[in-house]
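Peer 1: model this:
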Amino acid sequence: MVKFIFDLDGTLTKSETLPLISHHFSLQEKIAELTMQTVQGTVPFQESFIRRVELLGKLPVSEISALLAGVELHKKIYSFIAANQKHCIIATGNLSCWVDGLIRKIGCEAYSSEAVVENDNVTKILSLLNKETVVEYYKNQGDVVVFIGDGHNDREAMQKADIAIATGLTHAPAQSVLSVADYVAYTENELCSLLNQFLSL
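Peer 2: Here you go, the predicted model:
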């Protein structure tokens, strides 16, 4: 069976979620530059994410989850997932406690980073998701894996996938993912056309 593994931020969502959180709580200057450096690969994802969680972890988890549950999605990609849920998976480095409402809305299986939550605050990161391990898991099950992403932290997963699609729906894909991608899609129509072609694999 073919499995489509989607990055979340900027691939399914029309905006990056951490800058959205930071804007809501007026912390955007500290987060925006760090997020862009991470997307482009100048700051390693794990280091960047830990630094961003240090800044945002004291914010109420329930309010963040409610905020992100309402984030705008790329409608045609969302519709594709809704119609093909058994084929679709989300792999996000974001914290499950922050994106749980959004994941429930999308409705497919998802893998994310995990944290300890106490008194509605993130107190400790338990694990950071390595997206390539999700790719390896499904390949070991005998599935054909198509990975769809846009940021530098998607590169290793894209390298391990059977087919890698770089997207430029929300912002330009990182050069590192362009270097390993088999296909590039800059519009929802282009991406959906590719996804539908691969459904029969």
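
Peer 1: Give me the contacts around the helix or strand containing residue 19.
Peer 2: Assigned by DSSP states H and E, residue 19 falls within helix 17-24. Helix 17-24 is contacted from outside by 8-9, 27-28, 30-32, 35, 52, 55-56, 59, 64, 67-68, 71, 94, 98-99, 102, using Cβ atoms under 8 Å, 6 or more residues apart in numbering. Any C-beta I mention is one placed from the backbone N, CA and C, and that applies to glycine too.

Peer 1: again, but for stretch 35-44
Peer 2: Applying Cβ under 8 Å, 6+ apart, the contact partners of stretch 35-44 are 10, 16, 18-19, 34, 45, 48-49, 52, 150-153, 155, 171, 174-176.

Peer 1: out of these, which are inside helices?
Peer 2: 18, 19, 34, 45, 48, 49, 52, 155, 175, 176 (DSSP state H).

Peer 1: any idea how far the last one lies from residue 60?
Peer 2: In this view, residue 176 and residue 60 are 35 Å apart by Cβ to Cβ, to the nearest Å.

Peer 1: The lowest-mean-pLDDT helix or strand in the chain relative to helix 17-24, how many degrees between them?
Peer 2: Among the helices and strands of the chain, helix 28-40 carries the lowest confidence by mean pLDDT, DSSP states H and E, at a mean of 73. Between the axes of helix 28-40 and helix 17-24, defined by axes from the mean of the first three to the mean of the last three Cα atoms, to 10 degrees, the angle is 170 degrees.

Peer 1: follow-up on the earlier one: for the helix holding residue 19, list every residue counted as buried.
Peer 2: Buried positions in helix 17-24, judged by neighbour count with 16 or more other Cβ atoms under 10 Å: 17, 18, 19, 20, 21, 22.

Peer 1: ok, the first one to residue 163 distance?
Peer 2: Relative to residue 163, residue 17 is positioned 26 Å away (criterion: Cβ to Cβ).

Peer 1: How about the fifth one?
Peer 2: Using Cβ to Cβ, we find residue 21 at a distance of 32 Å from residue 163.

Peer 1: rewinding a little: return the least confident helix or strand of the chain as CSV; C-alpha atoms alone will do.
Peer 2: Extracted C-alpha coordinates of helix 28-40, given in CSV (Å, rounded to 0.1, in the frame of the first residue of the first chain):
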residue,chain,number,x,y,z
GLN,A,28,6.9,37.2,17.3
GLU,A,29,10.2,39.0,17.1
LYS,A,30,12.0,36.3,19.1
ILE,A,31,10.4,33.4,17.2
ALA,A,32,10.2,34.6,13.6
GLU,A,33,13.9,34.8,12.9
LEU,A,34,14.6,31.5,14.6
THR,A,35,11.8,29.8,12.6
MET,A,36,13.1,31.0,9.3
GLN,A,37,16.7,29.9,10.2
THR,A,38,15.3,26.5,11.0
VAL,A,39,13.3,26.2,7.8
GLN,A,40,16.4,27.1,5.8
